[in-house]
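S.K.: Here is a sequence with its predicted model. Questions after.
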Amino acid sequence: MTEYVAAVDQGTTSTRCMVFSHAGEVVSVDQREHRQMLPRAGWVEHDPAEVWANTRAVVAGALAKADLHTTDIVAVGITNQRETAVVWDRRTGEPVYNAIVWQDTRTDKIATALGELGGGQERYRAKTGLPLATYFSGPKIRWILDNVDGARARAEAGDLLFGTMDTWLLWNMTGGVDGGVHATDPTNASRTLLMDLSTLDWDADIAEEVGVPLSMLPRIASSSAELGRVRERGALGGAPIAGILGDQQAATFGQACLSPGEAKNTYGTGNFVLLNTGTEPVMSENGLLTTVCYRIGDEAPVYALEGSIAVTGSLVQWIRDNLGMISSAAEIEEHARSVEDNGGCYFVPAFSGLFAPHWRADARGAIVGLTRFITKGHLARAVLEATAFQTREVIEAMNADSGVPLTALKVDGGMVGNELLMQFQADILDVPVIRPVVAETTALGAAYAAGLAVGYWGGLDDVRANWAKDKQWTPSMAEDARERAYRQWKKAVTRTLDWVDEDTD
């Protein structure tokens, strides 16, 4: 009997289940989008119940599409949008509020108030590797407890649980109110602003200061270890859940960036560049995050530097859904190819402020350089180029922190099928850009973590052996043109700053 590993990939816009072979090849996939709830400017929410229902559906769908049975699956991995926060009742399993998504900016005043206690944005960086920002989960929990009637009293009584999406799915998949496992892994825990990077445990002092009862927090387990088994009823019943990785760490793992100095960039809802720095955390001096990259079993954790960009693929989605400029994401490349360049137009998509390397919650999006010459094609090109320019900002910070200039960039995610974008990325970075055969490496990384835990793969060398190059783009832009375009981009970024005033909600 042929055996496989399944991975549940719970992303910002959709949930999918993918089944992989021992060679790391995709056997089956099923996917469903969920609603993006935008109740106010800067607020982004998901319905946790909808996500859980979609998870059950895609798991069943992936097995059915390949005519597989639960007994064909030796392990299950979970990967997820990382900082999105869910709080639910341990007795009923009902969320007390919608999931607050990583892009959401409503906690700006909470973050500011914590910084005013001393140290400003850097107050917790020495322990957590993170700046005080709306991005992270801890302040989101605080907001829910402060704004949902009775939530804080219930939390302090031990009735409420918190989890990022991996924890929410793990708890439900392993039984929910009937014995569900309440756990996470260090890659997700390190994105809460509540975990000590050196101990891989919750920091009681920070949790108290942020206003989060420790009783709410899940156990921090390894990224690759059996956590529990899927409840018997339904698809995958009885299969071991043996791996959890936050989505960007999962993509790093799936790209086989397993040695210090290896880096990847994932092009999804946002963009995330991760550089493996080995078993010692490196604190950034240039606006990057220090995070856990993965932990295999009882081995020492591996750390990474990360550059997080809030809006890249979601800008294409916004052009499609909010403006109706295109009817499908794939159309953006066709329009962008209708012109030779951006015509002097730059689009800075600071919809949720600016993440790395700026960390400016007061920024908002701007289109600059508009003249009557600008057409739909120029706007389309500016949309794509925004992703590449933001990536260069992060790569420059990463080069400065690591002291080792990047010589090539491995890429993955939904946008890497856009060949115009990939060529422009190579041009603006002046390094080769390399796409693997399996471009959706997030789910693959979670599958590897689970498969390693049960012995399906023998070790990291098996992961390295499975990686294969599909295509490479090499730089072809003249240096003066590259630097002129980047200089204009940086000028455009300055136009987005200081937009949100103190009396702005």
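M.R.: That came in fine, so what should we check first?
S.K.: I'd like to check which residues are in contact with the spatially closest residue to residue 408 that is not a sequence neighbour.
M.R.: Distances taken as C-beta to C-beta, 6 or more residues apart in numbering put residue 432 closest to residue 408, at 4.7 Å, once the chain neighbours are dropped. Where you see a C-beta, it was placed from the backbone N, CA and C, and this is true even at glycine. Listed by C-beta atoms under 8 Å, 6 or more residues apart in numbering, the contact set of residue 432 reads 407, 408, 409, 426, 472, 473, 474, 475.
S.K.: Just these: which are in helices?
M.R.: Under the assignment DSSP state H, the contacts of residue 432 contribute residue 426 to helices.
S.K.: so which of the contacts of residue 432 comes closest to residue 301?
M.R.: Nearest to residue 301 among the contacts of residue 432, counting by C-beta to C-beta, is residue 409 at 24.3 Å.
S.K.: in the stretch 251-400 of the chain, which spans are helices?
M.R.: 313-321, 331-336, 376-402 (DSSP state H, counting those that start in this stretch).
S.K.: tell me what the longest one is packed against?
M.R.: Secondary structure elements in contact with helix 376-402, counted by 3 or more C-beta pairs under 8 Å, 6 or more residues apart in numbering; DSSP states H and E, are strand 263-267, strand 271-278, strand 302-309, helix 313-321, helix 331-336, strand 346-348, helix 419-429, helix 479-494.
S.K.: what's next to the last one, contact-wise?
M.R.: Outside helix 479-494, the residues that touch it by C-beta under 8 Å, 6+ apart are 342, 344, 346, 348, 354, 358, 366, 368-369, 385, 389, 392, 427-428, 430.
S.K.: Quick one: buried ones out of these?
M.R.: 342, 346, 348, 354, 358, 366, 368-369, 385, 389, 392, 427-428 (16 or more other C-beta atoms under 10 Å).
S.K.: Would you format the residues you listed as TSV with distance to residue 226 and pLDDT included?
M.R.: What follows is the buried ones among the contacts of helix 479-494, written out as TSV (distance: C-beta to C-beta, whole Å; pLDDT from 0 to 100):
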residue	distance to residue 226	pLDDT
342	51	95
346	49	97
348	45	96
354	40	91
358	41	92
366	49	95
368	52	96
369	54	95
385	45	97
389	43	97
392	41	95
427	46	97
428	44	96
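S.K.: For those residues, please prepare CSV with the additional fields distance to residue 47.
M.R.: Shown next, in CSV, are these (distance: C-beta to C-beta, whole Å):
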residue, distance to residue 47
342, 38
346, 35
348, 30
354, 28
358, 31
366, 31
368, 36
369, 39
385, 34
389, 34
392, 36
427, 41
428, 38
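S.K.: For residue 448, state which of the residues you listed is nearest.
M.R.: Distances from residue 448 to the buried ones among the contacts of helix 479-494, taken by C-beta to C-beta, are shortest for residue 392, at 29.5 Å.
S.K.: List the contacts of that closest one.
M.R.: 428, 429, 486 are the contacts of residue 392 under C-beta under 8 Å, 6+ apart.
S.K.: and what of residue 266?
M.R.: 247, 248, 251, 272, 411, 412, 413, 441, 442 are the contacts of residue 266 under C-beta under 8 Å, 6+ apart.
S.K.: Keep only those of these that are in helices.
M.R.: Short answer: the contacts of residue 266 in helices (DSSP H) are 247, 248, 251, 441, 442.
S.K.: quick one: contacts for the residue nearest to the second one when sequence neighbours are not counted?
M.R.: Distances taken as C-beta to C-beta, 6+ apart place residue 272 nearest to residue 248, at 4.1 Å, with adjacent residues excluded. Contacts for residue 272 (C-beta under 8 Å, 6+ apart) come out as 247, 248, 251, 265, 266, 306, 307, 308, 309.
S.K.: Among those residues, find me the one that's closest to residue 286.
M.R.: Nearest to residue 286 among those, with distances taken as C-beta to C-beta, is residue 307, at 9.3 Å.
S.K.: Distance of that closest one relative to residue 75?
M.R.: Distance of residue 307 to residue 75, computed by C-beta to C-beta, to the nearest Å: 31 Å.
S.K.: swap in residue 383?
M.R.: Residue 383 is 39 Å from residue 75, by C-beta to C-beta.
S.K.: got it, and residue 365?
M.R.: Relative to residue 75, residue 365 is positioned 42 Å away (C-beta to C-beta).
S.K.: what about these two, which has more around it?
M.R.: residue 75 (26 against 18; other C-beta atoms under 10 Å).
S.K.: so when I look at that one, I'm seeing a helix, right?
M.R.: No: per DSSP: H, G, I helix; E, B strand; the rest coil, residue 75 lies outside any helix segment and is strand.
S.K.: Neighbours of the closest residue to it other than its chain neighbours, how many?
M.R.: Distance criterion C-beta to C-beta, 6+ apart; nearest residue to residue 75, sequence neighbours excluded, is residue 450 at 3.9 Å. Residue 450 sits with 34 neighbouring residues when counted by other C-beta under 10 Å.
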